[in-house]
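**Q** when you get a sec, could you give me coordinates for this:
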Amino acid sequence: MPDSPPAKLNPADLMTVGEVARRTGVAVSALHFYEAQGLIFSTRTAGNQRRYARHMLRRISLIQVAKRLGIPLHDVAEVFRDLPHSRRPTRREWDRIARRWSADLELRRAALERLQADLAGCIGCGCVSMSRCRLINPSDALAQDGPGARRLEPLPEPERD
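**A** Numbers count the residues shown, from 1 in each chain. Model prediction:
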């Protein structure tokens, strides 16, 4: 379980939210959001201003990398849950995250390759058939009932005089 944020850090090791935003290229509002989500942590000055430990820059950078890889923030939060708040994570801790995300990325790569193969087959087939196309309508259990919408309620017939 991660340790609690430290009560006091060396002021020389603390950065303002503006400094962190400039160093990481992340908007101040995003930093506040990440903090609200428990992804990063700050301490407060006597004047209630946020101060971030320098090692939070690594967390923020990893969040940015995860975004580029399409890794959802809830997955980032899950792997960050066991990381320490009061110190820079070790190489072993970062490697554990990398291994986990590598496995997830491999699954996504395989899914994209299957999608690419289906797309190539679809373009070559030219069927554009909702009832037969594996890409547009995979595993269609209602196709056996014939073409057309099956889950829509029919409109009532208008009354005639």
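**Q** so what does the longest helix along the chain touch, helix or strand wise?
**A** Among the segments of the chain that qualify as a helix by DSSP state H, the longest is helix 91-125. In this structure, helix 91-125 packs against helix 56-69, helix 73-80, with contacts taken as 3 or more CB pairs under 8 Å, 6 or more residues apart in numbering; DSSP states H and E. All C-beta atoms are positioned from the backbone trio N, CA, C, and that covers glycine.
**Q** for residue 17, which of those helices is the nearest?
**A** Closest to residue 17 of the helices and strands packed on helix 91-125 is helix 56-69 (CB to CB; 10.5 Å).
**Q** that closest one: which residues count as buried?
**A** Under the neighbour-count criterion of 16 or more other CB atoms under 10 Å, helix 56-69 has 56-57, 59-60, 62-63, 66 buried.
**Q** now tabulate the helices and strands packed on helix 91-125 in a markdown table and tack on distance to residue 49 and mean pLDDT.
**A** Below are these laid out as a markdown table (distance: least, CB to CB, whole Å; pLDDT from 0 to 100):
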| stretch | distance to residue 49 | mean pLDDT |
| --- | --- | --- |
| helix 56-69 | 15 | 91 |
| helix 73-80 | 24 | 90 |
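**Q** to residue 118, which of these lies closest?
**A** Here helix 56-69 is closest among the helices and strands packed on helix 91-125 (CB to CB), at 23.1 Å.
**Q** give me the angle between that closest one and helix 91-125.
**A** 10 degrees (axes from the mean of the first three to the mean of the last three CA atoms, to 10 degrees).
**Q** other residues contacting helix 56-69?
**A** Taking contacts as CB atoms under 8 Å, 6 or more residues apart in numbering, the residues outside helix 56-69 that touch it are 15, 20, 23-26, 31, 34, 39-42, 73, 75-76, 80, 83, 88-89, 97, 101, 105.
**Q** could I get the helices and strands packed on helix 91-125 in a markdown table, plus columns for distance to residue 119?
**A** Putting the helices and strands packed on helix 91-125 into a markdown table (distance: least, CB to CB, whole Å) gives the following:
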| stretch | distance to residue 119 |
| --- | --- |
| helix 56-69 | 22 |
| helix 73-80 | 27 |
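**Q** for residue 114, find the nearest of these.
**A** Proximity to residue 114 (CB to CB) singles out helix 56-69 among these, at 19.2 Å.
**Q** can you show me the CA trace of that closest one as PDB?
**A** Extracted C-alpha coordinates of helix 56-69, given in PDB (Å, rounded to 0.1, in the frame of the first residue of the first chain):
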ATOM      1  CA  MET A  56       5.500  14.200  -9.500                       C
ATOM      2  CA  LEU A  57       6.900  15.200 -12.900                       C
ATOM      3  CA  ARG A  58       7.600  11.600 -13.600                       C
ATOM      4  CA  ARG A  59       4.000  10.600 -12.800                       C
ATOM      5  CA  ILE A  60       2.700  13.400 -15.000                       C
ATOM      6  CA  SER A  61       5.000  12.300 -17.800                       C
ATOM      7  CA  LEU A  62       3.800   8.800 -17.500                       C
ATOM      8  CA  ILE A  63       0.100  10.000 -17.600                       C
ATOM      9  CA  GLN A  64       0.900  11.800 -20.800                       C
ATOM     10  CA  VAL A  65       2.600   8.600 -22.300                       C
ATOM     11  CA  ALA A  66      -0.500   6.600 -21.300                       C
ATOM     12  CA  LYS A  67      -2.800   9.000 -23.000                       C
ATOM     13  CA  ARG A  68      -0.700   8.800 -26.200                       C
ATOM     14  CA  LEU A  69      -1.000   5.000 -26.000                       C
END
